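Chemist: Sequence below, structure please.
(one chain, ligands or ions: 1)
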Amino acid sequence: EERNPAQPEFHQAAREVLDTLAPVLAARPEYAQARIVERLVEPERQIIFRVPWQDDRGAVHINRGFRVEFNSALGPYKGGLRFHRSVNLGVVKFLGFEQVFKNALTGLGIGGGKGGSDFDPHGRSDAEVMRFCQSFMTELHRHIGEQTDVPAGDIGVGTREIGYLFGQYRRITNRWEAGVLTGKGQGWGGSAVRTEATGYGSVLFAAEMLSLRGEDLEGQAAVVSGSGNVAVHTIEKLLRSGAHPLTCSDSAGYVVDEKGIDLELLRQIKEVERGRVSEYAERRGASARYVPGGRVWDVPADLAFPSATQNELTEQDAVTLVRNGVKAVAEGANMPTTPEAVHLLQEAGVAFGPGKAANAGGVAVSALEMRQNAARESWSADRVEDELAAIMRDIHRTCHETAERYGAPGDYVTGANIAGFERVADAMLAQGLV
Ligand code: NDP
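Modeler: Model prediction:
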């Protein structure tokens, strides 16, 4: 904390991992000898830059851009870009640190990184978003490349933003280098199912956890937070699996719909009109209710999918979930559950799937997008979905088996952290002191 003051999210993420590594460090003294942990918490490179741009009225704005290249022992740095007013170096470092372990856990050849800006896209026109993305890429292009660092989307960065970023990269470099960004549109190098992958993956992970308890998704009521990319596709996959997603939310409040969320209406409001969830309740009729400023976790359900942002599910929320009989929680977002809440849920016997494992489907399909780009191929949606399902099963099995091997059966947090750590640490050991 002395070395990195004012980075509470990064400290939280690092502490959460370090707290679970004791058994593996005891079993493998060579890790401590090579000071793997000390090297892992120090990013390989951190880039901070000015992003000047002009709004539609001609006023000048200055934002700050970040790219933290955390670890490349397993492959090029890989991780999303976040555009949100809360972005600062500590937030980017927490996301980059988590990404290293998550990417290792997928079993694919990708290192970890993350980036973004404190730019707030809410209420900005397409032209403003485009000018911002062009200015952002004018600096970022020096640092990325298909063999070096491959950004993707995250909060506030979807297909539209990736399009503007890719256009500017192509223009500056005069190269058609599809593999430099993932999350591209399907007509120009994107992969089928990339947009859906994170949400689908977290539902697949929940299904794996339930199956160990002799249950499936059919008929289960679910609470979902958020209404962005991850939340919408979590809801879609739940509906396709016969479950009942009852809620969605944004930073202003949540909606509960007794009949289950109407996916088409939600998509129309969020993806076409870029509106708010309050409008969903206004248009849906009697079954839906909007609760301004409320906590989505107050709605009783069997399953919970925090899919908005960090620290959105607190200890008090966990108490409510347990009281309402929740069976499983799968983190679609990154670090949405506070450490105290994780502890409480695990103690109560709730199956808890941490983001590093449960939301790894997005980056896994990004790696499949890179593979398609390298081979100049475009796979069918069925093929990508099958591969995604196999990867999620594999991640679940790896976490489960690793937790058992290190004396923490059923503890997916420990399993995910140790399994990801071992893979990165072994690569770092083999590659010497760099
Ligand atoms: P989007 O920008 O598409 O959606 C974000 C959603 O979360 C919106 O509903 C937004 O509401 C809400 N939200 C964001 N910040 C806050 C906040 N501070 N308080 C309350 N609500 C908030 O992002 P994604 O769906 O892509 O990302 C959601 C989460 O999933 C993030 O934690 C991200 O890191 C994680 N993730 C995403 C992946 C992906 O493939 N996209 C991959 C793996 C993880 P509002 O509009 O009001 O801000």
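Chemist: neighbours around residue 199, how many?
Modeler: Neighbours of residue 199 under the rule other Cβ atoms under 10 Å: 28. For every residue, glycine as well, the C-beta is placed using N, CA and C.
Chemist: typo on my end, it should be residue 295
Modeler: A count of nearby residues for residue 295, using other Cβ under 10 Å, gives 18.
Chemist: ditto for residue 310
Modeler: Residues contacting residue 310 under the criterion other Cβ under 10 Å number 22.
Chemist: mind listing what it touches?
Modeler: Listed by Cβ atoms under 8 Å, 6 or more residues apart in numbering, the contact set of residue 310 reads 9, 91, 94, 333-336.
Chemist: Then residue 388?
Modeler: Residue 388 sits next to 193, 197, 200-201, 204, 361, 364-365, 368 when contact means Cβ under 8 Å, 6+ apart.
Chemist: one more time with 7 Å
Modeler: Contact partners of residue 388, counting by Cβ atoms under 7 Å, 6 or more residues apart in numbering, are 193, 197, 200-201, 361, 364-365.
Chemist: quick revisit: restricting to the contacts of residue 310, which residues neighbour the ligand?
Modeler: For the ligand, the contacts drawn from these by Cβ under 6 Å from any ligand atom are 333-334.
Chemist: Out of the contacts of residue 310, list just those in helices.
Modeler: Residues of these located in helices (DSSP state H): 9, 91, 94.
Chemist: How about the residue in the chain positioned nearest to the ligand, nearest residue that isn't a chain neighbour?
Modeler: Relative to the ligand, the nearest point of the chain is residue 228 (1.8 Å; Cβ to the nearest ligand atom). Sequence neighbours aside, residue 155 is the residue nearest to residue 228 in space, at 6.9 Å (criterion: Cβ to Cβ, 6 or more residues apart in numbering).
Chemist: quick check: mean pLDDT across the longest strand seen in the chain?
Modeler: Identified as the longest strand of the chain according to DSSP state E is strand 60-71. Strand 60-71 shows a mean pLDDT of 98.
Chemist: What is the subsequent helix or strand relative to that strand?
Modeler: Counting by DSSP states H and E, the next helix or strand C-terminal to strand 60-71 is strand 77-83.
Chemist: Can you list the buried residues in stretch 296-307?
Modeler: 296-297, 299, 301-307 (16 or more other Cβ atoms under 10 Å).
Chemist: so which helix or strand takes in residue 397?
Modeler: helix 381-405.
Chemist: what is the rounded mean pLDDT of that helix?
Modeler: Average pLDDT, helix 381-405: 98.
Chemist: Over to stretch 168-183?
Modeler: Averaging pLDDT along stretch 168-183 gives 98.
Chemist: How about that stretch and the ligand, touching?
Modeler: No. Using Cβ under 6 Å from any ligand atom, we find that stretch 168-183 stays clear of the ligand, coming within 7.3 Å at best.
Chemist: Please save the CA atoms from that stretch in CSV.
Modeler: Taking Å, rounded to 0.1, in the frame of the first residue of the first chain, the C-alpha atoms of stretch 168-183 are listed here in CSV:
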residue,chain,number,x,y,z
GLN,A,168,-8.1,5.0,-36.5
TYR,A,169,-5.5,2.3,-36.0
ARG,A,170,-5.8,1.2,-39.6
ARG,A,171,-5.5,4.8,-40.8
ILE,A,172,-2.4,5.6,-38.8
THR,A,173,-0.5,2.4,-39.4
ASN,A,174,-1.7,1.7,-43.0
ARG,A,175,-2.1,-2.0,-42.0
TRP,A,176,-5.1,-4.3,-42.0
GLU,A,177,-4.1,-5.9,-38.8
ALA,A,178,-7.4,-7.5,-37.6
GLY,A,179,-5.7,-9.2,-34.6
VAL,A,180,-4.9,-5.9,-32.9
LEU,A,181,-8.3,-5.5,-31.3
THR,A,182,-11.1,-8.0,-30.5
GLY,A,183,-14.8,-7.4,-30.3
